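Undergrad: coordinates only, no sequence provided:
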């Protein structure tokens, strides 16, 4: 079920650096080195597999941008919040 704007605002206040961009949650992580960025992506992939919920991942040298929404729901749901929170715990 899609989060209401109030629910989404409340959840965003608890997520460091995550924003809504074109109806999806998004954050860019800036790692110290390219190998650290790749290692982070591997950790995100493992988390996503365990949750059966997968983000779009863009790697630009040391920057990793994660974009997530629940496509079959047409927006942001609790699944997306769970994935974002899990990613925060990885860094």
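TA: Arrived safely, thanks for sending. Remember, it's a predicted structure, so these values are computed and weren't measured experimentally.
Undergrad: which neighbouring elements make contact with the longest helix along the chain?
TA: Determined from DSSP state H, the single longest helix within the chain is helix 34-51. Contact here means 3 or more C-beta pairs under 8 Å, 6 or more residues apart in numbering; DSSP states H and E; on that basis helix 34-51 packs against strand 56-60, strand 63-68, helix 78-90. Placement of C-beta: from N, CA and C, glycine included.
Undergrad: quick one: average confidence on the longest one?
TA: It refers to helix 78-90. Regarding helix 78-90, the rounded mean pLDDT is 97.
Undergrad: packing partners for that helix?
TA: If you count contacts as 3+ C-beta pairs under 8 Å, 6+ apart, helix 78-90 packs onto strand 24-30, helix 34-51, strand 63-68.
Undergrad: how about CSV for the ones you listed, with mean neighbour count, mean pLDDT and distance to residue 18 added?
TA: CSV is the format used below for the helices and strands packed on helix 78-90 (neighbours: other C-beta atoms under 10 Å; pLDDT from 0 to 100; distance: least, C-beta to C-beta, whole Å):
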stretch, mean neighbour count, mean pLDDT, distance to residue 18
strand 24-30, 18, 98, 5
helix 34-51, 14, 98, 14
strand 63-68, 19, 98, 9
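Undergrad: can I get these in TSV including distance to residue 4?
TA: Formatted as TSV, those follow (distance: least, C-beta to C-beta, whole Å):
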stretch	distance to residue 4
strand 24-30	15
helix 34-51	22
strand 63-68	18
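Undergrad: nearest to residue 76, of these?
TA: Residue 76 sits nearest to strand 24-30 of all these, at 5.8 Å, using C-beta to C-beta.
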